[in-house]
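Novice: What follows is a predicted structure for the sequence shown.
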Amino acid sequence: MPKITVISHEIVKELLPFEQAFAIVEAAFTEFHQRKSQLYPAVREMVPDHHGIFGIKSSYLLEDRCIGLKAGGFWSKNTERQKMNHQSTMLLFDAETGEPVCLLDANYVTIARTAAAGAVAAKHLARKDSSVISVIGSGTQARAQVDGLLRLFPIKEVVVYSRNAESANDFVRQLLDKGMSARYTCSPEEAVRTGDIVVTTTPSFSPIVQTSWIKEGTHINAVGSDTKGKRELLINRPLDKVVCDVWEQCSIMGEVQHGFPRTELYAELGQITSGDKAGREHPKETTLFDATGLSIQDVKTAFHVYKQAKINGLGQTITL
């Protein structure tokens, strides 16, 4: 019978520092573009009885001989239960035999790989001298996105807008405690007009940000839209470069699902990380990264955690 390594949330965090997640995710985008991995169709469905969205994302890493899936989603009422809104679990399989090899908590995997994807996109698309982050949203992913960007750019100020003023002010206090200059604004327009890098991290189904608000040279990481019908942006002024993680998925559940034509897409991110296409080429360019989250990011990150757990004798092994 197959033996499975079970890895807890705490062990995942221990084995996945941000720098490692960043390198893994950048490599995952490149490998996907080079056809060294395969994405399978994503499932993303509403669970209205419980205010939830449930999804399954899966993929195959050819060189690592690993197939994996992540199951879970977003439960908007979990905050009231003192639980994370995002909940997910992963299962990895040996691609050669089909046997399951690892079960792990994927909540931190999701946080880390999404923050890393935003940082990878900004590395290639934002101005190197970007000094102001404007973040729309104040939840776990907003904080993770900002933390990743602070590691790459000479940030002088973080401007936070959220419909939840209490959460936004708590986020600002956390940043101030770390020695960052940060402030809350009750106006999304004021936040966006300020930012060199704008990050949207909400579960919104109606636009919060208009591209006509952004100044020249701004980069946008649109992270929140990952389900059919979700929408954070109104693209009412054309952008110089629109990039997505993968068109087939973004056109169904990302920002570009709302009437954005395939012919106007500049690139998928893997084309840029691989060097086949240029990222930012001019300081005045306006750029957008539409991130829906790819299973290859989850599986490659989780596979790294699994390998490190085996090397270090961490996790619990069970026999099915």
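Specialist: Yep, that arrived.

Novice: Name the nearest residue to Gly137, sequence neighbours excluded.
Specialist: Excluding its sequence neighbours, the residue lying closest to Gly137 (C-beta to C-beta, 6 or more residues apart in numbering) is Thr201, at 3.7 Å. For every residue, glycine as well, the C-beta is placed using N, CA and C.

Novice: How about Leu62?
Specialist: Lys36 (5.3 Å).

Novice: returning to that earlier point: what's the residue nearest to Gly137 sitting at in phi/psi?
Specialist: Backbone torsions of Thr201, given as degrees, to the nearest 10, read phi -140, psi 40.

Novice: so it makes contact with Gln141?
Specialist: Yes: at 4.6 Å, Thr201 counts as touching Gln141 under the criterion of C-beta atoms under 8 Å.

Novice: okay, and the common contacts of the two?
Specialist: Residues touching both Thr201 and Gln141 (C-beta atoms under 8 Å, 6 or more residues apart in numbering): Val223, Gly224.

Novice: out of these two, which sits in the more crowded spot?
Specialist: Counted by other C-beta atoms under 10 Å, Thr201 and Gln141 do not tie: Thr201 has more neighbours, with 27 against 23.

Novice: that older thread, tally of neighbours for the residue nearest to Leu62?
Specialist: 16.

Novice: I'd like the distance between it and Gly98.
Specialist: 20 Å (C-beta to C-beta, to the nearest Å).

Novice: and what of Ala267?
Specialist: Applying C-beta to C-beta to Ala267 and Gly98 gives a distance of 35 Å.

Novice: Could you do Val159 as well?
Specialist: For Val159 relative to Gly98 (C-beta to C-beta), the value is 49 Å.

Novice: And Gly259, by the same measure?
Specialist: Counting by C-beta to C-beta, the gap from Gly259 to Gly98 is 41 Å.

Novice: cool, and Thr227?
Specialist: Counting by C-beta to C-beta, the gap from Thr227 to Gly98 is 30 Å.

Novice: same deal with Leu150?
Specialist: 42 Å.

Novice: Compare those two and say which one has the larger neighbour count.
Specialist: Leu150 (16 against 9).

Novice: ok, now which ones touch the more buried one?
Specialist: Ile133, Met180.

Novice: Next one, pLDDT for it please.
Specialist: Looking at Leu150, its pLDDT is 97.

Novice: Repeat that for Met1.
Specialist: pLDDT, read off for Met1, is 77.

Novice: Let me know how buried it is, in neighbour terms.
Specialist: Going by other C-beta under 10 Å, the residues that sit close to Met1 add up to 7.

Novice: doesn't Thr317 make contact with it?
Specialist: No: at 12.0 Å, Met1 does not count as touching Thr317 under the criterion of C-beta under 8 Å.

Novice: residues in contact with stretch 163-174?
Specialist: 138-139, 142-143, 158, 160-162, 182-184, 186, 202.

Novice: now, which of those residues lie within strands?
Specialist: If you go by DSSP state E, those have Val158, Val160, Tyr161, Ala182, Arg183, Tyr184 in strands.

Novice: Between those residues, which sits nearest Ala27?
Specialist: Val158 (28.3 Å; C-beta to C-beta).

Novice: what's the closest non-adjacent residue to the closest one?
Specialist: Here the residue nearest Val158, using C-beta to C-beta, 6+ apart, is Ala182, at 4.4 Å.

Novice: For that neighbour, list the residues it contacts.
Specialist: Glu157, Val158, Val159, Val160, Phe171, Val172, Leu175, Leu176 are the contacts of Ala182 under C-beta under 8 Å, 6+ apart.

Novice: Buried members of these into ChimeraX, please.
Specialist: Of the contacts of Ala182, the buried ones go into a single ChimeraX selection, burial set by 16 or more other C-beta atoms under 10 Å:
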select :157,158,159,160,171,172,175
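
Novice: Cys102: which of the contacts of Ala182 is nearest?
Specialist: Phe171 (33.3 Å).

Novice: secondary structure class for the closest one?
Specialist: helix (DSSP: H, G, I helix; E, B strand; the rest coil).

Novice: Could you measure from it over to Met180?
Specialist: Using C-beta to C-beta, we find Phe171 at a distance of 11 Å from Met180.
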